[in-house]
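In: Need the 3D shape of this:
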Amino acid sequence: MTSRLVALCLDAVDPWRLARFWAGLLGRDQREDADGVLVAGDDTQVSLWFVSSRAAKLGPNRVHLHLTSASQDDQQRTVEAALRLGASHLDVGQRPDEGHVVLADPGATSSASSRRATVSSPGAACSESSPAPVPGQSASSGVTR
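Out: You can find the predicted model right below:
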């Protein structure tokens, strides 16, 4: 049996705001349904599905979306577009020579609750370390057919 990842499901207090941000940044369409908003992917890119959730946060978000640029100029344009759409710079200890910019999407209420986006220049590796899992916190995945 062969499986393929088609969508990443993300809980959000304001799924419509996050969907507008990611659709604008990625140049994609969005479709609303009763459960949330889908930022549609295609055969080469996974869809992002933002669903409404009022659940209390047990720890920081663990999702980190990494965007790669074709050039330094493209990286700068992408960062500028993200900032115009509501992102903010996020300091996670990255150094200027690492070749990537870390941003928090507009759903962040603090650096601990932020969903991160890293925009890399060509050939730059993401060198951020992820914090250890929070004891007792479980992860879930959604599969669409």
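
In: Show the average pLDDT along stretch 23-39.
Out: Stretch 23-39 shows an average pLDDT of 92 in the prediction.

In: Sketch out the strands for the protein, chain order is fine.
Out: Taking DSSP state E as the test, the strands found in the chain are 7-12, 30-33, 36-39, 47-52, 64-68, 88-89, 100-104, 116-120.

In: Could you break this structure into its assigned domains?
Out: Residue ranges for each domain of the chain read 1-55, 57-125, as given by automatic domain parsing.

In: Output the ones you listed in TSV; the columns should cover mean neighbour count.
Out: For glycine as for every other residue, the C-beta is placed from the backbone atoms N, C-alpha and C. What follows is these, written out as TSV (neighbours: other CB atoms under 10 Å):
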stretch	mean neighbour count
domain 1-55	15
domain 57-125	16
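
In: I'd like to know which of those has the weakest mean confidence.
Out: The stretch with the lowest average pLDDT out of those is domain 57-125, scoring a mean of 77.

In: measure the residue minimising distance to the centre of the chain to Leu26 for me?
Out: When the chain is reduced to its mean C-alpha position, the closest residue under CA atoms, centre = their mean turns out to be Leu65, at 4.1 Å. Shown here: Leu65 relative to Leu26, a distance of 9 Å by CB to CB, to the nearest Å.

In: now swap in Gly86 and tell me
Out: Gly86 sits 14 Å away from Leu26, going by CB to CB.

In: What of Asp74?
Out: To Leu26, Asp74 is 14 Å away according to CB to CB.

In: cool, Leu58 as well?
Out: With distances taken as CB to CB, Leu58 is found 28 Å from Leu26.

In: one step back: who wins for proximity to Ala81 among the strands of the chain?
Out: For Ala81, the closest of the strands of the chain is strand 116-120, at 9.6 Å, according to CB to CB.
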